[in-house]
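Enquirer: Structure here, sequence nowhere to be found:
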């Protein structure tokens, strides 16, 4: 049985199903019409559409609405030829096929065959067919589709593999919406260009379980599902991709030549540019601390609550000294290489570690260390009580000349050779040359989890989404805010990076990949 909703240019929505009444919805009112034959039950398997008219099409019956009644246009068989569709056209009266069902014949008003073509691949598979404009007739199945120009009798055949790199798709339909041909299936929605190639393809996530979709006049996509209602996807969200949507991702960063995501209780995932998705790189069923690349040692370090893993020279090594996990690895939550030693943070301070045997040389007590940061050969420390420098074996507060900053600092980023970005826990972000500080306007009450620096652009990852700042005349100004309204799965963004022309953001609901030039309302 066929069923569904079909729009026509006059803004009516026609509903088709097995019923004694079929019709349309207009201005929130439902109009249903019976057959001229009392008691007839309609069971259309597909429909034709010519301008504002819908023709119900069954296996051997055709109905057209006239004077508020559905009229039967039965003409099912002539000799060894089977009529397969009703056609409304000045030149073409019908299509027929032979009993072998391997060819289509086009007949004129005198029922004379004026053209024919081999059509076995289409006819031997279950297909939907119908007239969709005054000069176009189509066939579509789960692998391919075809259009016949009724004026020129030219046939166009296309398959999904060549068009959108999909072998098959269920529930494929072709519709005329807002004077544009559209095609949709269980896995995609697209437009058809003048040569009937698929353009503007949107690949529907499998989790939505949608069976029909279309673009409206402003470019939004509407998706209909079997059990979860209707989804509305605004135009600005259609280029957004979601990865690891059911996972908590605590960080995303560049590690050497890789993009690495830290996934809670799953491990470290690497972005596969060929598959356009994140795949598991190192499995860890424990809390993830950090992933980093130390250029001086040409090695990648992956730290979790239960292990330290080194990737170097295409080999991955798990340090064998971590036999007593609880005793050891709380002391290696981050690694910084400075003056031939590792400096690591842990719950109660910082360790100086011998890089040859990973023995702890010296332990320095300091509460609330959130990050150790090497900047111009200075070892800076972001703490819950402000910014400090580790110098002469001591933690010394950095005195700013223009104001105090005794705030909880989450992390630091280099903005230039002279300036750093200071990200705080609830007090926004600051630019500093380690002598004075200046707050980024509009960040005053933000929890800034991390940031990405791109030339003269700063992207802040906050609990309110992503904030973009650009530099002009020596100062940074807030340009836009990206949040759930623009496609983020969550406003709680732990980090953000720029990859090619895209933003990748890690959140407590997975990773979001969206265009760098995402459209948002301008900041006043």
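Expert: Perfect, thanks for sending it. Treat the numbers as computed from the prediction; the structure is a model and nothing was measured.
Enquirer: Tell me which helix or strand the residue lying closest to residue 119 once chain neighbours are set aside sits in.
Expert: Spatial nearest neighbour of residue 119, chain neighbours left out: residue 104 (4.5 Å); criterion: CB to CB, 6 or more residues apart in numbering. Any C-beta I mention is one placed from the backbone N, CA and C, and that applies to glycine too. Taking DSSP states H and E as the definition, residue 104 sits inside strand 103-108.
Enquirer: how about that strand: buried residues?
Expert: Neighbour-count burial for strand 103-108 flags 104, 105, 106, 107 (criterion: 16 or more other CB atoms under 10 Å).
Enquirer: Quick check: bridge partners of the second one?
Expert: Right, residue 105. residue 96, residue 116 (DSSP bridges).
Enquirer: so what's it scoring on pLDDT?
Expert: Looking at residue 105, its pLDDT is 88.
Enquirer: And residue 18, by the same measure?
Expert: 83.
Enquirer: likewise the one 3 residues further on?
Expert: The predicted local confidence for residue 21 comes out at a pLDDT of 91.
Enquirer: ok, it to residue 42 distance?
Expert: 8 Å (CB to CB, to the nearest Å).
Enquirer: quick one, which of the two is more surrounded?
Expert: Per other CB atoms under 10 Å, whichever of residue 21 and residue 42 has more neighbours is residue 42, with 19 against 15.
Enquirer: Could you verify my assumption that the more buried one touches residue 62?
Expert: No: in this structure, residue 42 is not within contact of residue 62 by CB atoms under 8 Å, at 11.3 Å.
Enquirer: anything in contact with each of the two?
Expert: Here residue 42 and residue 62 share the contacting residues residue 56, scored by CB atoms under 8 Å, 6 or more residues apart in numbering.
Enquirer: What are the boundaries of the helices in the chain?
Expert: 120-123, 160-164, 325-328 (DSSP state H).
Enquirer: Looking at the buried residues of strand 103-108, which one is closest to residue 431?
Expert: Of all those, residue 431 sits closest to residue 104, with 70.6 Å by CB to CB.
Enquirer: tell me the contacts of the closest one?
Expert: So residue 104 contacts 84, 95, 96, 97, 116, 117, 119, 123 (CB under 8 Å, 6+ apart).
Enquirer: quick one: least confident of the residues you listed?
Expert: residue 84 (57).
Enquirer: Put together a markdown table for the buried residues of strand 103-108, with distance to residue 414 on each row.
Expert: As requested, the buried residues of strand 103-108 are exported to a markdown table (distance: CB to CB, whole Å):
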| residue | distance to residue 414 |
| --- | --- |
| 104 | 68 |
| 105 | 74 |
| 106 | 71 |
| 107 | 76 |
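Enquirer: Any regions of this protein where pLDDT drops low?
Expert: 1-4, 45-50, 58-60, 74-85, 99, 320-330, 520-524 (pLDDT under 70).
Enquirer: if you take the average position of it, which residue is closest to it?
Expert: The residue lying closest to the centre of the chain (CA atoms, centre = their mean) is residue 241, at 1.4 Å.
Enquirer: That one and residue 505 touch, don't they?
Expert: No: the criterion here is CB under 8 Å, and residue 241 misses it with residue 505 at 11.2 Å.
Enquirer: Between the two, which contacts overlap?
Expert: Joint contacts of residue 241 and residue 505 (CB under 8 Å, 6+ apart) are 512, 513, 514.
Enquirer: picking up where we left off before, out of the contacts of residue 104, flag the one nearest to residue 190.
Expert: Once CB to CB is applied, the member of the contacts of residue 104 that ends up nearest residue 190 is residue 119, at 23.4 Å.
Enquirer: what about that closest one, distance to residue 136?
Expert: When residue 119 is compared with residue 136 (using CB to CB), they lie 16 Å apart.
Enquirer: for residue 71, same thing?
Expert: Applying CB to CB to residue 71 and residue 136 gives a distance of 23 Å.
Enquirer: Pick out whichever of the two has more residues nearby.
Expert: Using other CB under 10 Å, the more surrounded residue of residue 71 and residue 136 is residue 136, with 21 against 13.
Enquirer: Tell me which residues touch the more buried one, please.
Expert: By CB under 8 Å, 6+ apart, the contact list for residue 136 reads 147, 148, 149, 150, 181.
Enquirer: so which of those residues is the most crowded?
Expert: Neighbour-wise, those (other CB under 10 Å) top out at residue 148, 25 neighbours.
Enquirer: Name all residues that make contact with that one.
Expert: Counted by CB under 8 Å, 6+ apart, residue 148 has contacts 106, 136, 137, 138, 154, 155, 156.
Enquirer: Name the nearest residue to the first one, sequence neighbours excluded.
Expert: Think residue 106. residue 115 is the one closest to residue 106 (CB to CB, 6+ apart), at 4.3 Å.
Enquirer: Count residues in the vicinity of that neighbour, would you?
Expert: For residue 115, using other CB under 10 Å, the count is 15.
Enquirer: swap in residue 279?
Expert: Around residue 279 there are 10 residues (other CB under 10 Å).
Enquirer: With residue 258 as the reference, measure out to it.
Expert: Separation of residue 279 from residue 258 (CB to CB): 11 Å.
Enquirer: Overlap in contacts, the two.
Expert: Residues touching both residue 279 and residue 258 (CB under 8 Å, 6+ apart): residue 270.
Enquirer: quick one, what contacts the nearest residue to residue 101 once chain neighbours are set aside?
Expert: Counting by CB to CB, 6+ apart, residue 123 is the residue found nearest to residue 101 once chain neighbours are left out, at 4.6 Å. Contacts here follow CB under 8 Å, 6+ apart; on that basis residue 123 touches 97, 101, 102, 104.
Enquirer: Residue 116 is in contact with the third one, correct?
Expert: No: the criterion here is CB under 8 Å, and residue 102 misses it with residue 116 at 10.9 Å.
Enquirer: surely residue 290 meets residue 303?
Expert: Yes: the pair residue 290 / residue 303 is scored as a contact, 4.7 Å apart, by CB under 8 Å.
Enquirer: Give me the common contacts of the two.
Expert: Common neighbours of residue 290 and residue 303 (CB under 8 Å, 6+ apart) are 333, 334, 335.
Enquirer: quick revisit: how about JSON lines for the contacts of residue 136, with distance to residue 441 added?
Expert: JSON lines is the format used below for the contacts of residue 136 (distance: CB to CB, whole Å):
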{"residue": "147", "distance to residue 441": "56"}
{"residue": "148", "distance to residue 441": "62"}
{"residue": "149", "distance to residue 441": "60"}
{"residue": "150", "distance to residue 441": "63"}
{"residue": "181", "distance to residue 441": "49"}
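Enquirer: For those, work out which two are farthest apart.
Expert: 150 and 181 (14.7 Å).
Enquirer: any idea which of the shared contacts of residue 290 and residue 303 is closest to residue 191?
Expert: residue 334 (49.3 Å).
Enquirer: so what's that closest one up against?
Expert: Contacts for residue 334 (CB under 8 Å, 6+ apart) come out as 289, 290, 292, 303, 344, 345, 371, 372.
Enquirer: Can you give me the neighbour number for residue 174?
Expert: Residue 174 - counted by other CB under 10 Å - has 21 other residues nearby.
Enquirer: Thanks a lot, see you next time.
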